[in-house]
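> Predicted structure and sequence below. I'll ask about it afterward.
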Amino acid sequence: VMTFNTLIKAQCKAGEMASALCLLKHMSSEFALVPDEVTYNTLMAGFIQKDKMEEALELLKEMKSNGRTPDTVTFSILINGICKQGRFEEAVKFMEEMLGSGLYPDTVTFTTVINGFCKRGRIEEATELLEEMRESGLYPNTVTFNALINGFCKQGRIEEAVKLLEKMRGCGSYPDTVTFTTLISGLSKQGRMEEAVDLLDAMWGSGHYPDIVTLTTLVNGFCKQGRMDAAVKLLEEMSENGLYPNIVIFNIIINELCKQGRMKEVVKLMEELRGTELYPNTLTFTTLINGFCKQGRMEEAVKFLEEMRRSGHYPNIVTFTTLIHGFCKEERIDEAVKLLEEMGENGLYPNIVTFNTLINEICKQGRMEEAVQLVKEIRGSGFNPDVVTFNTLINGLCKQRRMEEALKLLEEMRGSGLYPN
RNA sequence: UUGAUGACAAUC
């Protein structure tokens, strides 16, 4: 069983859930092995990682009907799935249900929910949960604090994030490479590159050495500031420390070249990547496709979509939305619609960004009634309009001098817990 | 053998 669990885990890690399920079938049918808690937990975690909650719950059922009892790990996995969907009330309910079945949420369970709150910018609730955790006798660890620090950084609240370092020590945990990188990322996003580099320098003395993620974070920071030279210099320095560029670094550079409209160089770079160990991934291709879309060069964008598929990478929702936006911008609506249909055929569903893209297009055509109607439908299908949705609609109305309606939407926006930016 | 934290792509 352990052997199969290991194999199943490997498939899950590779995102090959169909093969993982295949292994589950085989272990009982061909080898008369009985899957255990670990088997099911592994599979459920694999599905959650791919945002496939339904399938995870299906496995939970199967697990129970095969006489296996969900344990603390099972609950943590499912709670993670619920948090990823932003359904925190249910997550908390799940934690209570745990207690009902004699299981106690542990540090990982709490950290999962704390991280969920942080990811959605709900820091205050995350902080409350930290207190609750301590009250119930559990010790937050480095991961718990890292999640919180990341939450503050993502909101641009770096000073508060730094303050958490002291609290961290007070709780007997210590910062690690992730802690430093999280702070460096926060500083970089604010354009505070000098401080970010200071922190990098401090890492060497702390015993928590920068890793490839730290490096990519800084390279991205420099590129976004338009300081490619600084990025390249850092890459050279770091290669002396044994840190070499990976595909993420190239994705960042490709993105920057695209932003500068240097498409010839990008295409050349892509060719140079062939025959190296750096394999372009979905993000590489999507970045490139976006570059061509932004230049209005849709034929080339589509050409790379095909190349992407040929090299075994599936376009995802971001890829499709990028192309749909590109076609809309060029007023080639028929082709945009065709892509929407193709998405469905590929088992991909529009997300809020896709909808915002469509709403924007409808607004630009001055069809405000239809735009508002579409938002209603989106709501009905379980999506929450976000800040961009409202901005798009408000902008559309303002362009038509329909200020009363725009102001009404502003209120509606506030009413649904969104902060106008 | 299973669960939580940091980097890169799309919309206003």
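Great, that's in hand. Numbering: from 1, shown residues only, chains lettered A, B, ... in the order given.

> Contacts only, for A:Asn391.
Residues in contact with A:Asn391 (C-beta atoms under 8 Å, 6 or more residues apart in numbering) are A:Asn421. Backbone N, C-alpha and C define where each C-beta goes, glycine included.

> Repeat the analysis, applying 10 Å as the threshold.
Contacts for A:Asn391 (C-beta atoms under 10 Å, 6 or more residues apart in numbering) come out as A:356, A:360, A:409, A:413, A:418, A:420-421.

> Please apply the same query to A:Cys293.
Listed by C-beta under 10 Å, 6+ apart, the contact set of A:Cys293 reads A:258, A:300-302, A:322-330.

> Next: A:Phe75.
A:41, A:94-95, A:97-98, A:101, A:103-106, A:108-109, A:112.

> who in the stretch 51-200 of chain A is up against RNA strand B?
A:71-77, A:80, A:106-109, A:111-112, A:115, A:119, A:141-144, A:146-147, A:150, A:177-179, A:181-182, A:185 (C-beta under 7 Å from any atom of the strand).

> Show only the entries of those residues found in helices.
A:72-77, A:80, A:107-109, A:111-112, A:115, A:119, A:142-144, A:146-147, A:150, A:177-179, A:181-182, A:185 (DSSP state H).

> In ChimeraX, select just the buried ones from these.
Applying 16 or more other C-beta atoms under 10 Å to these, the buried members can be selected in ChimeraX as follows:
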select /A:73,74,75,76,77,80,108,109,111,112,115,119,142,143,144,146,147,150,177,178,179,181,182,185
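
> Now A:Ile362. Nearest residue, chain neighbours left out?
A:Ala371 (4.5 Å; C-beta to C-beta, 6 or more residues apart in numbering).

> Confirm for me that A:Glu330 is in contact with A:Glu361.
No. In terms of C-beta atoms under 10 Å, A:Glu330 does not count as a neighbour of A:Glu361; the distance is 11.1 Å.

> ok so, going back, reformat the contacts of A:Cys293 into CSV and put distance to RNA strand B, neighbour count and secondary structure next to each item.
As requested, the contacts of A:Cys293 are arranged in CSV below (distance: C-beta to the nearest atom of the strand, whole Å; neighbours: other C-beta atoms under 10 Å; DSSP: H, G, I helix; E, B strand; the rest coil):
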residue, distance to RNA strand B, neighbour count, secondary structure
A:Cys258, 8, 21, helix
A:Glu300, 15, 16, helix
A:Ala301, 11, 22, helix
A:Val302, 15, 18, helix
A:Thr322, 4, 24, helix
A:Leu323, 8, 25, helix
A:Ile324, 8, 26, helix
A:His325, 4, 21, helix
A:Gly326, 8, 25, helix
A:Phe327, 11, 22, helix
A:Cys328, 9, 22, helix
A:Lys329, 8, 17, helix
A:Glu330, 13, 14, coil
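
> now the helices for the stretch 201-350 of chain A?
A:212-224, A:228-240, A:247-259, A:263-273, A:282-294, A:298-310, A:317-329, A:333-345 (DSSP state H, counting those that start in this stretch).

> which two of the contacts of A:Cys293 lie the greatest distance from each other?
A:Cys258 and A:Cys328 (18.9 Å; C-beta to C-beta).
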